[in-house]
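> Model the following, please.
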Amino acid sequence: MIPTLPATPRKTAFTKLSGHRLIASPAGLAGTLWLAAMVISSLTAPWWLPFKTEDQDFTAVLSGPTAAHWLGTDELGRDILSRIFASAAETLGTSFITVIVGVGLGTLLALAAANSQRAEGVISRVTEIMMSLPGTVIILAVIGAVGTNIPLIMAILGVLISAGIYRVMLGQAKSLQNQLYVDAARVDGLGPLAISVRHVLPGLATTIVVQSALIFAVGLLIQAGLAFIGFGPPLPQPSWGGMIQSASQHVYDAPWLMVPTGVVLALTVLSANAIGNALGKAPNTAASHLPSAAIRRKRARQAAAAAAAAPAVGNPPAAGKLSVRGLSVGVDGGTPLVTDVSFEVEPGTVLGLVGESGCGKTMTALSLMGLLPSGVAITGGQILWNGKNLAAATDRDMESIRGRDIALISQEPMRALDPMFTVGYQLTSAIRRLQSTGKAEAKAEALSLLEKVGIVDAQRILKTYPHQISGGMAQRVAIALALSGKPRLLVADEPTTALDVTVQAEILSLLRSLVKDTGMSVVMVTHDLGVVADICDHVAVMYAGQVVENGKTVSILDNPRHPYTLALLAADPHANSAHDMPDRLATIQGQVPQPKDWPGGCRFAARCQFAGSACLVPIPLLPTGSGEGVVRCVKADELAVDGLGWVATESAHTVPLDVPDRHRLHIIEKDMA
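Here you go, the predicted structure:
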């Protein structure tokens, strides 16, 4: 049975994320503090107010701020501060009624409509009628029928607003209903109600909170407006709108009277909007991984400083050659993710970046194009391309390089293809933008590119949408899209992982032909050593954010020097021929450590069968004995001379995973002794 996703962790993650957004936003934090202060002060008003709302001081009529009356008095000598906070509780409370009714009813209607097409038809027609009704006329008619019953009026306002909320929620609820984890819940036998509560509703949480903040501000303004025109609480009960109406009659002889209530109302509305904006900065669905403009500018300054501190380049690389020297990538102001990565890619060659998940391969590849996720930046080193250091390049500089000099093929082709447009439109648009050609020339080039990537019926594919073609075909189109700017370097982030074996072989053959025919170079990110053996000229093995071995593919696959490379080969069934296939493939105990848990010495030592006391200190990249590459292991030559391999038995040297990293090497040394 397919397991369903629990709802509780999703809600908890949302709560933490919302709190983080409010704290990270100065306006959101200020708005939260203001509203909290208003609520607390209004609820405790009877205990601390200096005057009762009806108390009159005829010696201080229409006075400004004084020691006795901090915010002044009105036309009857009543204290403005006392009247503002005495009426705040009812004003804020009745505005929450609008939020609860409007957002609550709109969300329930959206959940019901998302579960049933028949219900959607009925509810949509009803909400369309509600949205066509004149809300002001209805509210005034209710006031004429039942009087100034503010809670009832705000509840009716919430019902009218719920039609708009329903429209906002419906599209998102239907999108969530089509997610794979919802399909898994249906397979598990969950009914529509359980799916809506456990899976769809948590996905709407951010939108609900944002809409609630905005509707709260609308409720405040409408309530104040009704009181301003005389439909507020009955006299002498104070209200913000009524106080503003009274102040408007003395705008010339006592202009200060308008200021206190107007400022409090404005700040409360702005606070609600600020909270809504802070919570709505990142949607609860998949957010773009690209950083904001401010973060990009900050990142550019940091990269420029790091590049200035880097040692001068002795001989700049030749045209079309990529040289990565001492590259480090980390979280902004925090944990490093990639450290001291160096490799070179000659024109017309293919470099493979190999390693387990979490080793830093994708971060390294994305840094080549300046596409690191938000909150992650290059913290040191150089990325030299055609004499320019891309590690210090601004986003504007990278715009002239992405697509033209360096292009990207992602693991999932649908990340590069927009389902709203045909393949032909997307391909010709990219060609016209990158090559500055006319429409006819771009269409001819698009046909040529599709034929070049092995698509036979190119004319038909140009007219289709991405969802109408298979995964292998979509990957070919994505490759054609990457080639539309005639790049000299192609960054391929696991382009064959999601494909079946036959299509994978076709894509690899295609990439091999493109390298041979066009002379471009490729950086291939992959888990599969079979792919490396098939297409790569050089390979860089990465572990825990470091390159642990680098050299020619033939040399590393035939004569690996690092224990991690030995382990990867021993665990790969394709690396063993049929006649010497072991009864049991080797395994690597444990998992790649998190960046925050990296040890100070060799990062692979805790999982290594050959670790010793020499592995407790940082180990640099050293030339191999053959001189054809580099390796980060003090025992590399010893392992090569002794011909040791990775042991594939239960008795292989292992350390329990629950033992802290700082104690593992002590256990290793004792075991080896």
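> buried residues in the host helix or strand of Gly31?
Assigned by DSSP states H and E, Gly31 belongs to helix 26-43. Of the residues in helix 26-43, Gly28, Leu29, Ala30, Gly31, Thr32, Trp34, Leu35, Met38, Ser42 count as buried by neighbour count, 16 or more other C-beta atoms under 10 Å. Every C-beta, even on glycine, is put in place using the N, C-alpha and C of the backbone.
> would you list those residues in JSON lines and tack on pLDDT and distance to Gln56?
Converted to JSON lines, those look like this (pLDDT from 0 to 100; distance: C-beta to C-beta, whole Å):
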{"residue": "Gly28", "pLDDT": "87", "distance to Gln56": "41"}
{"residue": "Leu29", "pLDDT": "89", "distance to Gln56": "40"}
{"residue": "Ala30", "pLDDT": "92", "distance to Gln56": "35"}
{"residue": "Gly31", "pLDDT": "91", "distance to Gln56": "35"}
{"residue": "Thr32", "pLDDT": "91", "distance to Gln56": "36"}
{"residue": "Trp34", "pLDDT": "94", "distance to Gln56": "30"}
{"residue": "Leu35", "pLDDT": "92", "distance to Gln56": "31"}
{"residue": "Met38", "pLDDT": "92", "distance to Gln56": "26"}
{"residue": "Ser42", "pLDDT": "90", "distance to Gln56": "22"}
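> Going by distance to Gly424, which of the residues you listed wins?
Gly28 (44.3 Å; C-beta to C-beta).
> mind checking how far the closest one is from Thr394?
29 Å (C-beta to C-beta, to the nearest Å).
> for Asp79, same thing?
Taking C-beta to C-beta, one finds Asp79 at 58 Å from Thr394.
> And Val187, by the same measure?
For Val187 relative to Thr394 (C-beta to C-beta), the value is 49 Å.
> And these two? Which one has more around it.
More crowded of Val187 and Thr394, by other C-beta atoms under 10 Å: Thr394, with 15 against 12.
> now that one: how far from Gly370?
9 Å.
> likewise Pro234?
64 Å.
> ditto for Val137
Val137 sits 56 Å away from Gly370, going by C-beta to C-beta.
> Who has more neighbours out of the two?
Neighbour count, other C-beta under 10 Å: between Val137 and Gly370, Gly370 has more, with 24 against 9.
> so what's that one up against?
Applying C-beta atoms under 8 Å, 6 or more residues apart in numbering, we find Gly370 in contact with Leu390, Ala393, Asp395, Met398, Arg402.
> again, 7 Å this time
Neighbour list for Gly370: Leu390, Ala393, Asp395, Met398 [criterion: C-beta atoms under 7 Å, 6 or more residues apart in numbering].
> What residue, apart from its backbone neighbours, is nearest the first one spatially?
When you say that, I think you mean Leu390. Ile383 (4.1 Å; C-beta to C-beta, 6 or more residues apart in numbering).
> Repeat that for the last one.
Of all residues beyond its chain neighbours, the one nearest Met398 is Gly370 (4.2 Å), with distances taken as C-beta to C-beta, 6+ apart.
> what about that neighbour, distance to Pro347?
Gly370 is 21 Å from Pro347, by C-beta to C-beta.
> what does Ala173 give?
52 Å.
> List the contacts of Val103.
By C-beta under 7 Å, 6+ apart, the residues touching Val103 are Ile165, Ile208, Gln211, Ser212, Ile215.
> So the fourth one: helix, strand or coil?
In terms of secondary structure, Ser212 is helix; the call rests on DSSP: H, G, I helix; E, B strand; the rest coil.
> how near is it to Ala27?
Applying C-beta to C-beta to Ser212 and Ala27 gives a distance of 17 Å.
> cool, and the first one?
In this structure, Ile165 lies at 24 Å from Ala27, with C-beta to C-beta as the measure.
> what sits against Ala416?
Here Ala416 is in contact with Ser410, Ala478, Leu481 (C-beta under 7 Å, 6+ apart).
> got it, and Leu160?
Met130, Gly135, Ile138.
> give me that answer again for 10 Å
By C-beta atoms under 10 Å, 6 or more residues apart in numbering, the contact set of Leu160 is Thr98, Val101, Gly102, Met130, Met131, Leu133, Pro134, Gly135, Thr136, Ile138, Ile139.
> Check which residues of the helix or strand containing it are buried.
Using DSSP H and E, Leu160 sits in helix 150-177. Judged by neighbour count (16+ other C-beta under 10 Å), helix 150-177 contains these buried residues: 150, 153-170, 172-173, 176-177.
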